[in-house]
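# Quick one, what's the 3D model for this:
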Amino acid sequence: MASLGWSYRDTPYNPYWGPTSSKANFCEEDYIVTRYIAELINTLTNLTYILYAIHGIYKNWGRKDAFLRNIPYLGIMGVGFGSAVFHATNIYYTQWADDLSMLLATATVMHRVYTYDDTPLHAVLKGLGLAAFLTVFSVWHCLSDEIVGHSILFGVMVVLVGTKTRSIISHRVEDPAVKKEVRKLVRWGSVIFISGYVIWNIDNITCSWLTQAKRTIGMPLSFLLELHGWWHIFTGIGAYIFIALVEYLTSEEAGEPLAGRFAWPIDLFLRRPRSTPNIIRTGYGTLSAAPESID
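Reported below is the predicted structural model:
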């Protein structure tokens, strides 16, 4: 019996989905909790993507442009489902669902930032061109059995989205206070993404130690050491920040204050510190002057 919880099995369950065959595998032990899910925590943490997508879609319910606004949310929902299927099975062909859903989700945001001020015809043509390119790349990616090109393309697309987003902030947000809020949110999104990436690499580098520590601690507290699951949570939050921010910047609401527009915990980052009054001390006592922000 583990000292703080339930012991791990000495051997994994017989896999319901058959032997694992994916080229990528992670530190969570396969089929150690149930025979129906290869990596339980890595599968469940994909709910982060799905729940944020549902929130975004729900918030746009009833808008006349809801469909266009919701395309990126559908993309991140696809990432959640694709990644969950992959981690639940660890079979090679389900890895494609994980890889390609990342490109698809990024492409939807990319299309939004590069076409929001285009005519409908130009937006459609650019969308068809992007879809054609991704289709050709996806076929090549699957047939050639490579993973480097996928990573490079994903990185290039993220850089293009980031560069265009910075340009949109400069052109569409005039109020200095609101621009400060927007840039603050971009910084938070970047920090969260980078933190998730660091955690993912720690999981890879220290896997042997983590596995031993998890077995010593026992379930369920050991689940906190499933660092690839934290990668899903952090990137889910970061992806939502940028998708919701792009939605805001490319809509008629661009330039309005940000507070109250985002899901938890993002809105916490935007709350300004409460103002404190200036204290004026005189020979007759203490007077309060007008409040002054402590920003």
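# Dump whichever strand or helix holds residue 102 to CSV, restricted to CA.
Remark: residue 102 resides in helix 92-115, with elements defined by DSSP states H and E. What follows is helix 92-115 as a C-alpha-only set of coordinates in CSV (Å, rounded to 0.1, in the frame of the first residue of the first chain):
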residue,chain,number,x,y,z
TYR,A,92,-0.7,5.6,-34.1
TYR,A,93,-3.6,6.8,-36.3
THR,A,94,-5.2,8.6,-33.3
GLN,A,95,-2.0,10.6,-33.0
TRP,A,96,-3.0,12.2,-36.3
ALA,A,97,-6.2,13.5,-34.7
ASP,A,98,-4.1,15.2,-32.1
ASP,A,99,-1.5,16.7,-34.4
LEU,A,100,-3.9,17.9,-37.1
SER,A,101,-6.5,19.3,-34.7
MET,A,102,-3.8,21.7,-33.4
LEU,A,103,-3.1,23.0,-36.9
LEU,A,104,-6.8,23.3,-37.7
ALA,A,105,-7.5,25.3,-34.5
THR,A,106,-4.6,27.6,-35.2
ALA,A,107,-5.7,28.0,-38.8
THR,A,108,-9.2,29.2,-37.7
VAL,A,109,-7.7,32.0,-35.6
MET,A,110,-5.2,32.8,-38.3
HIS,A,111,-8.0,33.2,-40.9
ARG,A,112,-9.9,35.4,-38.4
VAL,A,113,-7.1,37.9,-37.9
TYR,A,114,-6.2,38.1,-41.6
THR,A,115,-9.7,38.5,-43.0
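# State the next helix or strand along the chain beyond that helix.
Defined by DSSP H and E, the subsequent element after helix 92-115 is helix 120-144.
# what's whatever helix or strand comes next after that following helix in contact with?
Next helix or strand after helix 120-144 toward the C-terminus (DSSP H and E): helix 148-172. Contact with helix 148-172 is made by 99, 102-103, 106-107, 109-110, 113-114, 116, 137, 140-141, 179, 182-183, 186, 242, 245-246, 249-250, 254-255, as judged by C-beta atoms under 8 Å, 6 or more residues apart in numbering. Glycine gets a C-beta too; all of them are placed from N, C-alpha and C.
# Show me which of those residues are buried.
Buried members of the contacts of helix 148-172, scored by 16 or more other C-beta atoms under 10 Å, are 99, 102-103, 106-107, 109-110, 113-114, 116, 141, 182, 186, 242, 245-246, 249-250, 254.
# returning to what we had before: now do the helix holding residue 102: distance to the chain's middle.
Distance of helix 92-115 from the chain centroid (C-alpha atoms, centre = their mean, to the nearest Å) equals 12 Å.
# now the angle from it to helix 120-144?
Relative orientation of helix 92-115 versus helix 120-144 (axes from the mean of the first three to the mean of the last three C-alpha atoms, to 10 degrees): 160 degrees.
# Output the contacting helices and strands for helix 92-115.
helix 66-89, helix 120-144, helix 148-172, helix 227-249 (3 or more C-beta pairs under 8 Å, 6 or more residues apart in numbering; DSSP states H and E).
# I'd like to know which of the ones you listed is closest to residue 260.
Among the helices and strands packed on helix 92-115, the nearest to residue 260 by C-beta to C-beta is helix 227-249 (11.7 Å).
# can you list the helices and strands packed on helix 92-115 in CSV and add mean pLDDT and distance to residue 8?
CSV is the format used below for these (pLDDT from 0 to 100; distance: least, C-beta to C-beta, whole Å):
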stretch, mean pLDDT, distance to residue 8
helix 66-89, 93, 18
helix 120-144, 90, 35
helix 148-172, 88, 32
helix 227-249, 93, 16
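# is it possible to export these to CSV including distance to residue 35?
Listed next are these as CSV, based on distance: least, C-beta to C-beta, whole Å:
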stretch, distance to residue 35
helix 66-89, 11
helix 120-144, 28
helix 148-172, 30
helix 227-249, 20
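# I appreciate the help and will end here.
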